[in-house]
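Peer 1: Sequence first, then the predicted structure:
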Amino acid sequence: MSNPDTTTDPAETRRLRVYRYKRGDGVEHFDEFEVPVGPHTTVLDALSWIQHHRDPTLAVRHSCLRASCGTCGVQVDGREELACVCAIADQGEQITVEPLANLPILTDLVVDMRPFYARFPGEHPIIRASELVADAQPPEGLAEFVQFEDCIECGLCVSACPVAATSHEYLGPAALSAAQRLLEEPRGVACEDVLAWAARPEGVWRCHVAMECSRACPAQVIPAERIMALRHELTFAGHQRKEHQR
């Protein structure tokens with residue numbers, strides 16, 4: 001678990017304004033807490049301190065504590081962050097913590113991720129074996145390899161996406177990025193099926209190129225670039241752009 005004892009100097013505190021919602025209560029609201037902090041305190045540390053010392057009913061989802069699992073995604077002052085690596089020192093004196101947007105809220109800061117996973121193409125594998133050769137060298141003319149297999153499926157990109165905010169049907173940046181990776185490494189998947197899936201009205205052409213998904217991505221997957229590459233694949237393959245809601 002995250003360390004609830006966040007500081008050696010109890011005189012230094014930050015005010016956390018935390019979103020609260022419990023099923024059955026019917027009322028969403030914010031609770032405020034004065035939290036002792038240190039130079040290395042994270043938002044997750046602060047939330048854990050609240051659980052241990054002020055309100056054990058506060059619900060927060062987390063696991064790895066090192067930005068690998070993606071489960072602790074929240075909004076911090078309106079920005080999508082992984083709470084376990086979001087430093088309190090980089091925030092203001094009052095910090096507002098809310099659940100991710102564009103996904104159903106289960107309780108407090110915990111959202112239902114099932115609609116997020118349901119967006120992915122049916123061919124999207126749960127586990128893919130790495131084929132990276134440790135001593136591989138880039139071809140002549142390329143400075144380095146860029147790996148797009150690092151998506152941790154945290155949902156931050158969907159939370160940041162302005163199109164996902166207006167349409168629950170939109171497939172979203174994570175799912176469309178996954179489709180582009182399937183085209184890059186099909187491994188038995190029919191590319192035409194992937195292109196047809198992405199070309200649906202709720203698919204790749206719904207993106208407004210706001211780039212907020214790439215800004216929010218903690219794994220440097222660059223979803224917006226993947227979506228543009230997928231559009232190029234569709235155009236090159238002769239698929240017609242379908243009418244989409246604006």
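Peer 2: Nice, thanks for sending it over.

Peer 1: Just give the nearest non-adjacent residue to the residue nearest the centre of the chain, would you?
Peer 2: Centroid-nearest residue in the chain, with Cα atoms, centre = their mean: residue 156, separated by 2.1 Å. Excluding the flanking residues, the one nearest residue 156 by Cβ to Cβ, 6 or more residues apart in numbering is residue 80, at 4.0 Å. Using the backbone N, CA and C atoms, a C-beta is placed for each residue, glycine as well.

Peer 1: what's the average pLDDT for whichever strand or helix holds the one you found?
Peer 2: Per DSSP states H and E, residue 80 falls inside strand 79-82. The average pLDDT within strand 79-82 is 98.

Peer 1: Retrieve the pLDDT associated with the residue nearest to the centre of the chain.
Peer 2: The model reports residue 156 with a pLDDT of 98.

Peer 1: same deal with residue 111?
Peer 2: On pLDDT, residue 111 comes in at 98.

Peer 1: Check the burial of it by counting its neighbours.
Peer 2: For residue 111, the neighbour count with other Cβ atoms under 10 Å is 23.

Peer 1: what's near enough to touch the nearest residue to it once chain neighbours are set aside?
Peer 2: Closest residue to residue 111 apart from its sequence neighbours, by Cβ to Cβ, 6+ apart: residue 103 at 4.1 Å. Contact analysis of residue 103 by Cβ atoms under 8 Å, 6 or more residues apart in numbering lists 111, 112, 113, 115, 116, 155, 158, 159.

Peer 1: Out of those, who's the most crowded?
Peer 2: Counting neighbours by other Cβ under 10 Å, the top entry in those is residue 158, with 31 neighbours.

Peer 1: Go ahead and confirm that residue touches residue 118.
Peer 2: No: using Cβ atoms under 8 Å, residue 158 makes no contact with residue 118, being 11.5 Å away.

Peer 1: Show me how the chain divides into domains.
Peer 2: 13-111, 114-236 (automatic domain parsing).

Peer 1: And those, which one averages the lowest pLDDT?
Peer 2: Among the domains of the chain, domain 114-236 carries the lowest mean pLDDT, a mean of 86.

Peer 1: related to what we said a few turns ago, can you redo the contacts of residue 103 as JSON lines with secondary structure?
Peer 2: Shown next, in JSON lines, are those (DSSP: H, G, I helix; E, B strand; the rest coil):
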{"residue": "111", "secondary structure": "strand"}
{"residue": "112", "secondary structure": "coil"}
{"residue": "113", "secondary structure": "coil"}
{"residue": "115", "secondary structure": "helix"}
{"residue": "116", "secondary structure": "helix"}
{"residue": "155", "secondary structure": "coil"}
{"residue": "158", "secondary structure": "helix"}
{"residue": "159", "secondary structure": "helix"}
